[in-house]
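# coords please:
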Amino acid sequence: MRTLNRNKRQIYYALYLGETALVDERGKETGEYAQTYGDKVSLMVNISASAGEEAVNAFGGFTDYSRAITVAGQCEMDENTVIWFGVDPQTEPYNYIVTRKADSKNGVIYALQEVKVG
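Numbering: from 1, shown residues only. Predicted structure coming up:
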């Protein structure tokens, strides 16, 4: 069954682009890297209530996630995509990260893990 529009909620996401080498004040690489993400994109999705135990069979025995989102059709998000849900994406850091993806012909389910970004 397709996702119902009345159940959709807005999230923002940014795709993981890779790592960027950090440089010091003289322009020399420090040997450390920072994760780089693309621009924030708004998306309307069905998002589950908090899941403390295995609630979606699509991920099998994998239970290390806080919520699951469902998108009808295909979506460009993948593992390591960061999500803003229930927070202001302009002033606060992301609060979820995609940890698993289960896709089918009609849609995609993503497992999200809540994270604290300092």
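
# Give the partner strands of the lowest-mean-pLDDT helix or strand in the chain in its sheet and their orientations.
When each helix and strand of the chain is scored by mean pLDDT, DSSP states H and E, strand 67-72 comes last, with a mean of 87. Take DSSP bridges as the rule and strand 67-72 pairs in its sheet with strand 41-47 (antiparallel), strand 107-114 (antiparallel).

# closest to Thr20 out of those strands?
strand 41-47 (20.2 Å; C-beta to C-beta). For glycine as for every other residue, the C-beta is placed from the backbone atoms N, C-alpha and C.

# Could you tell me which residues within the closest one count as buried?
Using 16 or more other C-beta atoms under 10 Å as the test for burial, strand 41-47 gives Leu43, Val45, Asn46, Ile47.

# what about the residue sitting furthest away from the middle of the chain, distance to Thr20?
Residue farthest from the centre of the chain, counting by C-alpha atoms, centre = their mean, is Arg26 at 35.2 Å. Distance, Arg26 to Thr20, by C-beta to C-beta, to the nearest Å: 17 Å.

# Kindly report the same for Val87.
Distance, Val87 to Thr20, using C-beta to C-beta: 24 Å.
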